[in-house]
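Chemist: Okay, sequence plus prediction incoming.
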Amino acid sequence: MVTLETPRLILRRWREEDVAPMAAVNADPKVMRWIRDGSVRDEQQTRSGVQAWESEWESQGFGLFAVEIRSTGELAGFTGLSVPNFLPEVLPAVEVGWRLGRSHWGHGFATEAAEAAVRFAFEIRGLERIVSIAQVGNDASERVMTKLGMHPVRETVHPTHGRRLRVFELSSDQYVTKYVTTTR
């Protein structure tokens with residue numbers, strides 16, 4: 001089982017006891033504002049989501065990690081990799097994404113967790129490129145994408161909800177330039 005550790009976080013596979021705290025994250029309208037049509041999700045929808053994320057681990061060899069705060073053991077939310085099937089125009093692609101509870105915003109956790117997921121994508125899974133997709137106006141997520149070294153490559157519209165989207169990208173060569181050659 002894959003577990004990643006950063007100075008402040010543990011990225012790990014999902015457990016049954018993660019469903020309730022993740023459901024609380026998904027029930028917050030401010031957290032969900034930029035997700036799909038902005039609808040909140042209840043505990044059963046969250047449980048179905050966790051099951052789907054775990055299935056993706058089994059079928060793809062990657063997925064969304066539960067993000068745990070090392071110092072407290074608290075579930076902060078998720079980060080990781082998924083196939084953005086909702087946006088066929090960018091396929092084939094793997095997306096890096098994240099969602100954290102509001103109490104964990106503004107501490108750099110999203111960037112720290114996403115950097116670990118990006119490292120996993122390129123160094124462990126050997127991906128050639130990753131994308132990240134945000135609704136236009138979600139400046140906080142776009143700042144994380146920029147910190148990851150990603151750059152915008154297109155704007156489009158969500159095929160179901162009609163919301164404007166911005167797609168960012170990072171290639172393995174760009175990753176090596178930003179992360180590997182600068183740390184030697």
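Modeler: All right, it came through fine. Computed from a predicted structure; not experimentally measured. Residues are numbered from 1 along each chain as shown.
Chemist: helix or strand right after the host helix or strand of residue 165?
Modeler: Element membership for residue 165, per DSSP states H and E: strand 164-171. Beyond strand 164-171 on the C-terminal side, the first helix or strand identified by DSSP H and E is helix 172-175.
Chemist: Show me what the top helix by length along the chain packs onto, helices and strands only.
Modeler: Determined from DSSP state H, the single longest helix within the chain is helix 43-60. Applying 3 or more Cβ pairs under 8 Å, 6 or more residues apart in numbering; DSSP states H and E, one finds that helix 43-60 makes contact with helix 19-26, strand 75-82. C-beta coordinates here come from the backbone N, C-alpha and C atoms, glycine included.
Chemist: Residue 149 in helix, strand or coil?
Modeler: coil (DSSP: H, G, I helix; E, B strand; the rest coil).
Chemist: So what pairs up with the residue nearest in space to the middle of the chain in the strands?
Modeler: Centroid-nearest residue in the chain: residue 97, 1.8 Å away (criterion: Cα atoms, centre = their mean). With DSSP bridges as the criterion, residue 97 is bridged to residue 80.
Chemist: Now do the strand holding residue 165: which elements does it pack against?
Modeler: Using 3+ Cβ pairs under 8 Å, 6+ apart: strand 164-171 touches strand 129-135, helix 139-147, strand 151-157.
Chemist: which one of the helices and strands packed on helix 43-60 is the most hemmed in?
Modeler: strand 75-82 (a mean of 25; mean count of other Cβ atoms under 10 Å).
Chemist: Compute the inter-axis angle for that strand and helix 43-60.
Modeler: 40 degrees (axes from the mean of the first three to the mean of the last three Cα atoms, to 10 degrees).
Chemist: Go through the strand holding residue 165 and flag the buried ones.
Modeler: 165, 166, 167, 168, 169, 170, 171 (16 or more other Cβ atoms under 10 Å).
Chemist: Relative to it, what are the paired strands and their orientations?
Modeler: In the sheet, strand 164-171 lines up against strand 129-135 (antiparallel), strand 151-157 (antiparallel) (DSSP bridges).
Chemist: Let me have the ones you listed in CSV, extended by distance to residue 1, mean pLDDT and mean neighbour count.
Modeler: Output for those, formatted as CSV (distance: least, Cβ to Cβ, whole Å; pLDDT from 0 to 100; neighbours: other Cβ atoms under 10 Å):
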stretch, distance to residue 1, mean pLDDT, mean neighbour count
strand 129-135, 22, 98, 21
strand 151-157, 33, 98, 13
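Chemist: how about CSV for those strands, with distance to residue 83 added?
Modeler: Output for the strands paired with strand 164-171, formatted as CSV (distance: least, Cβ to Cβ, whole Å):
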stretch, distance to residue 83
strand 129-135, 10
strand 151-157, 17
